[in-house]
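Asker: One predicted model, sequence on top.
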Amino acid sequence: MKAKLIVALDTPEEKRVRELVTVLKDKVDIFKVGLEQYLASRGKVLDYLRSNGKKVFLDLKFHDIPNTVEAAARVAVREGVWMFNMHVSDFEGMKRVAEAALEEAEKTGIVRPLVIGVTVLTSMSEEDLQETGIPLTPQELVIKRALLAQKAGLDGVVASPREAKSIRENCGEDFISVCPGIRPAWAAKGDQKRIMPPGTALKEGAHYLVVGRPITKADDPGEAASKILAEMEEAFK
Ligand code: C5P
């Protein structure tokens, strides 16, 4: 189950990153680095995680013209990240990122990272979409964008666990769903609205679970991670 659990390092403090990685070192192999920690550490967090043998999901959500996202993708490959993401946008930009990731990995002998698309931010409501000129529900747009991302060669998408089933139905079993919004029954919801317990999310079709506060804000993060891993295990019994 360790291979399916990603812990979000959402903190600006380097010291807290070290504490969390130390206490979770035997239980967690993959850590998500977002804008906050990446900027606060000026990218050095990647060196720290790499030197501790951890895999990185670089959650910087690239969104730019094809030439720029492609160039950023090449750097992400050379940084040795395990997964990175970009907004689902024009077909050409996504295709160039997918191809560049493969080409750069082959050229450097580095393992190709998984490239994941962000379909619709979960903070966007139907009204928000309409305001930006998109006359679809978030669910309709998620599937439309997941299919486009797949056609362009991306490996999967970030999705709410509630969408994982429909993504599997539309894009097939192998197209990856990376799901945040995971809350065991014993954890606080925080600001997440559309939540699901870890075992249920896996049963619904999530390939990877992204968990932040239920682990990082727990009194004992190691124990919280163990409990979540046990719940994930249960889903396959
Ligand atoms: O603390 P929590 O478990 O809610 O953290 C979930 C992580 O996943 C955070 O880093 C959050 O920014 C991220 N995320 C999310 N919903 C999305 C995309 C990313 O919660 N749709």
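Answerer: Cool, got the structure.
Asker: okay, CA-based contacts and neighbour counts for the rest of this
Answerer: Will do.
Asker: Now do the longest helix along the chain: which elements does it pack against?
Answerer: Longest helix of the chain, by residue count under DSSP state H: helix 91-108. With contacts taken as 3 or more C-alpha pairs under 8 Å, 6 or more residues apart in numbering; DSSP states H and E, helix 91-108 sits against helix 66-78, helix 138-152.
Asker: Surely V23 touches A225?
Answerer: No - using C-alpha atoms under 8 Å as the test, V23 is too far from A225 to be in contact (10.1 Å).
Asker: Backbone dihedrals for the residue nearest the centre of the chain, please?
Answerer: Nearest residue to the geometric centre of the chain (C-alpha atoms, centre = their mean): V178, 5.2 Å. Note on V178: backbone dihedrals following degrees, to the nearest 10 are phi -100, psi 110.
Asker: what does this structure put close to the ligand?
Answerer: By C-alpha under 6 Å from any ligand atom, the residues of the chain that approach the ligand are 8, 10, 121-122, 180-182, 192, 210-213.
Asker: Which of those residues fall in helices?
Answerer: Among the residues of the chain next to the ligand, the members falling in helices (DSSP H) are R213.
Asker: per-residue confidence averaged over stretch 137-151?
Answerer: Throughout stretch 137-151, pLDDT has a mean value of 96.
Asker: Tell me how far that stretch lies from the chain's centre.
Answerer: Put simply, stretch 137-151 sits 17 Å off its chain's centre (C-alpha atoms, centre = their mean, to the nearest Å).
Asker: Listing partners with orientation, what would you give for the lengthiest strand in the chain?
Answerer: Criterion DSSP state E: the longest strand present in the chain is strand 55-62. The strands beside strand 55-62 in its sheet (DSSP bridges) come out as strand 30-34 (parallel), strand 83-87 (parallel).
Asker: which other residues reach that strand?
Answerer: Contacts with strand 55-62, where a contact means C-alpha atoms under 8 Å, 6 or more residues apart in numbering, come from 6, 29-35, 46, 49-50, 69, 72, 81-87, 118.
Asker: Show the buried residues in these.
Answerer: Neighbour-count burial (16 or more other C-alpha atoms under 10 Å) applied to the contacts of strand 55-62 gives 6, 29-35, 46, 49, 69, 72, 81-87, 118.
Asker: ok, how many other residues are close to T122?
Answerer: 16 (other C-alpha atoms under 10 Å).
Asker: and it, what is it in contact with?
Answerer: S160.
Asker: Next: P113.
Answerer: Applying C-alpha under 8 Å, 6+ apart to P113 gives the contacts 77, 80-84, 101.
Asker: With distance to D220 and pLDDT as added columns, please give these in JSON lines.
Answerer: Formatted as JSON lines, the contacts of P113 follow (distance: C-alpha to C-alpha, whole Å; pLDDT from 0 to 100):
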{"residue": "V77", "distance to D220": "34", "pLDDT": "98"}
{"residue": "G80", "distance to D220": "30", "pLDDT": "97"}
{"residue": "V81", "distance to D220": "28", "pLDDT": "98"}
{"residue": "W82", "distance to D220": "27", "pLDDT": "98"}
{"residue": "M83", "distance to D220": "27", "pLDDT": "98"}
{"residue": "F84", "distance to D220": "29", "pLDDT": "98"}
{"residue": "A101", "distance to D220": "38", "pLDDT": "98"}
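Asker: residues touching Q130, list them.
Answerer: For Q130, the contacting residues are L136, by C-alpha under 8 Å, 6+ apart.
Asker: can you pull the pLDDT of it?
Answerer: Looking at Q130, the pLDDT reads 96.
Asker: In terms of helices and strands, where is it?
Answerer: Q130 is part of helix 126-131 when elements are defined by DSSP states H and E.
Asker: Contacts made by the longest helix of the chain with the rest, please.
Answerer: Contacts with helix 91-108, where a contact means C-alpha under 8 Å, 6+ apart, come from 65-67, 69-70, 73-74, 77-78, 88, 111-113, 115, 148-149, 152-154.
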